[in-house]
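In: here is a sequence together with a model predicted from it:
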Amino acid sequence: MIQVEHINKTFQVARRNAGFLEAFKSLFNKQYECVKALNDLSFTINDGEMVGYIGPNGAGKSSTIKILSGILTPDSGTCMINGRIPWKDRVAHVQDIGVVFGQRSQLWWDVPVIDSFELLRDIYKIPISKYKDKLEELITLLNLEKIIKTPTRQLSLGQRMRCEIAASLLHNPKILFLDEPTIGLDAVSKIAVRNFILDMNNRHKTTVILTTHDMQDIEALTKRIILIGKGKILLDGSLQDMKNRFVGNKRLILEYSGPDIQLCKGMSLFEAETVCNYVKGTCGSLNKHITIDIDTDKIQVSEAIGILSTQVDIKDISISEASIDEVVVKLYKEYEI
């Protein structure tokens, strides 16, 4: 279990004006600004839970992960992970955690992947029998047979990321921190990585904390999200709760012919265009496409469709909800982060 209570962290950041003279002055008289990275941060994550930890750049996500992994010491507050304080019991703590950074590697660049795995086995002091069993499982699940003897520098990004995840799980950690695990991956590789993470969580009840800007990763992997902004927890709840905050917004996509649509109360224009549908042997016809946002607190979707159908000849219609990315953008705007 992860228990974080009233964590605060402040950094001193050097500041100076532009120009050579200002740079020279700063050699003798540096000016610093105190930046509050984390402000009274508190949350609890249960064993086996998968949590999306999201927020804009500079919100405090990386600082939180560094404190949870024992790299940083907070200014104040407490953090207990499986009965340990991460920054005080680092050696014992790292045996229980695995970390994957999408833009950093824990694999040695010029040697085959299997050699990196062997070095990690020595670092974590994994017994040979357990190492072989775990390695065999990871090779099978992540399909590493053909690349495990290849130097890291010769791997594609998707192949390297699969090896990075395997490296972080060799010592069978109880907690896995994932920072942008699918960044830069193609669709096939993303799906493979997501499926593996879900499988590991189901098999071993591994606690997963996912920080990413890819909301499809959040939607595919987690049921709970923690939204952080300006160092504070702004929202902590289920993904469905987050969506329900904006469930009043539906989107109608219409293809129609006739005059321009007159929107009524509860409707707002999102997008509109005119398309020429050309059929061989005819002069073609002009159909109009329009996307309308519906506020269901003010008007029901069925009522809106009824009103629109009296104005124009509807050729096609579809109804959708706001995407997860749009919901997150609305949350950012709501909290002004």
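Out: Yep, it's here. Numbers count the residues shown, from 1 in each chain.
In: which stretches of this structure aren't confidently modelled?
Out: 246-248, 274-286, 322 (pLDDT under 70).
In: and the gap between the residue most central in space within it and Lys61?
Out: Among the residues of the chain, the one closest to the centroid is Thr212, at 2.4 Å (C-alpha atoms, centre = their mean). Distance of Thr212 to Lys61, computed by C-beta to C-beta, to the nearest Å: 9 Å. Where C-beta positions appear, they are placed from N, C-alpha and C, glycine not excepted.
In: intersection of neighbour lists for the two?
Out: Here Thr212 and Lys61 have Ile54 as joint contacts, going by C-beta atoms under 8 Å, 6 or more residues apart in numbering.
In: the helices in the chain, which residues?
Out: 20-26, 61-68, 90-93, 113-124, 128-142, 157-169, 187-204, 215-221, 239-244, 301-311, 324-335 (DSSP state H).
In: other SSEs contacting the fifth one?
Out: Under the contact criterion of 3 or more C-beta pairs under 8 Å, 6 or more residues apart in numbering; DSSP states H and E, the helices and strands touching helix 128-142 comprise helix 157-169, helix 187-204.
In: buried ones in that helix?
Out: In terms of neighbour count (16 or more other C-beta atoms under 10 Å), helix 128-142 has its buried residues at Tyr131, Lys134, Leu135, Glu137, Leu138, Ile139, Leu141, Leu142.
In: the longest one too?
Out: Buried residues in helix 187-204, counting neighbours by 16+ other C-beta under 10 Å, are found at Ser189, Lys190, Ala192, Val193, Arg194, Phe196, Ile197, Met200, Asn201.
In: nearest spatial neighbour of the first one, chain-adjacent residues omitted?
Out: Nearest-residue entry for Ser189: Gly158, 3.3 Å, with adjacent residues in sequence omitted and distances by C-beta to C-beta, 6 or more residues apart in numbering.
In: ok, that neighbour - contacts?
Out: By C-beta under 8 Å, 6+ apart, the residues touching Gly158 are Leu185, Asp186, Val188, Ser189, Ala192.
In: same question for Lys9.
Out: The contact partners of Lys9, taken as C-beta under 8 Å, 6+ apart, are Lys36, Ala37, Leu38, Gly60, Ser63, Ile67, Leu72, Pro74, Asp75, Gly231.
In: now which of the residues you listed would you call buried?
Out: Among the contacts of Lys9, those that count as buried by neighbour count (16+ other C-beta under 10 Å) are Ala37, Leu38, Gly60, Ser63, Ile67, Leu72, Pro74, Gly231.
In: return the member of those residues nearest to Trp109.
Out: Lowest distance from Trp109 to the buried ones among the contacts of Lys9 (C-beta to C-beta) belongs to Leu72, with 26.3 Å.
In: my guess is that closest one contacts Ser63. True?
Out: Yes. In this structure, Leu72 is within contact of Ser63 by C-beta atoms under 8 Å, at 6.5 Å.
In: and the gap between the residue nearest to Ser189 and Asp186?
Out: On the measure of C-beta to C-beta, Gly158 and Asp186 end up 6 Å apart.
In: what do you get for Lys330?
Out: Taking C-beta to C-beta, one finds Lys330 at 29 Å from Asp186.
In: tell me which of those two has more neighbours.
Out: Lys330 (15 against 12; other C-beta atoms under 10 Å).
In: mind checking how far Leu269 is from Gly184?
Out: The gap separating Leu269 from Gly184 is 36 Å, by C-beta to C-beta.
In: about what we covered before: how about the buried residues of helix 128-142 in TSV, adding distance to Ser105?
Out: TSV is the format used below for the buried residues of helix 128-142 (distance: C-beta to C-beta, whole Å):
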residue	distance to Ser105
Tyr131	21
Lys134	20
Leu135	19
Glu137	22
Leu138	17
Ile139	19
Leu141	20
Leu142	16
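In: closest to Ser302 out of those residues?
Out: Among the buried residues of helix 128-142, Leu141 lies closest to Ser302 (C-beta to C-beta), at 47.2 Å.
In: apart from its neighbours in sequence, what residue is nearest that closest one?
Out: Phe196 (5.9 Å).
In: the one you found against Leu142, yeah?
Out: Yes. With contact defined as C-beta under 8 Å, Phe196 reaches Leu142; the gap is 5.9 Å.
In: so what sits against both of those two?
Out: Joint contacts of Phe196 and Leu142 (C-beta under 8 Å, 6+ apart) are Arg162, Ile165.
In: about what we covered before: could you pull up the residues touching the nearest residue to the residue nearest to the centre of the chain once chain neighbours are set aside?
Out: Computed as C-beta to C-beta, 6+ apart, the closest residue to Thr212 that is not its neighbour in sequence is Glu180, at 5.2 Å. Residues near Glu180 by C-beta under 8 Å, 6+ apart: Phe101, Gly102, Gln103, Thr211, Thr212, His213, Asp214.
In: any idea how far the fourth one lies from Ile65?
Out: Put plainly, it is Thr211. Taking C-beta to C-beta as the measure, Thr211 falls 6 Å from Ile65.
In: give me the more crowded residue out of those two.
Out: Higher neighbour count among Thr211 and Ile65: Thr211, with 25 against 19, using other C-beta under 10 Å.
In: relative to Arg251, how far out is the more buried one?
Out: From Thr211 to Arg251 the distance is 29 Å (C-beta to C-beta).
In: same check on Met80?
Out: For Met80 relative to Arg251 (C-beta to C-beta), the value is 44 Å.
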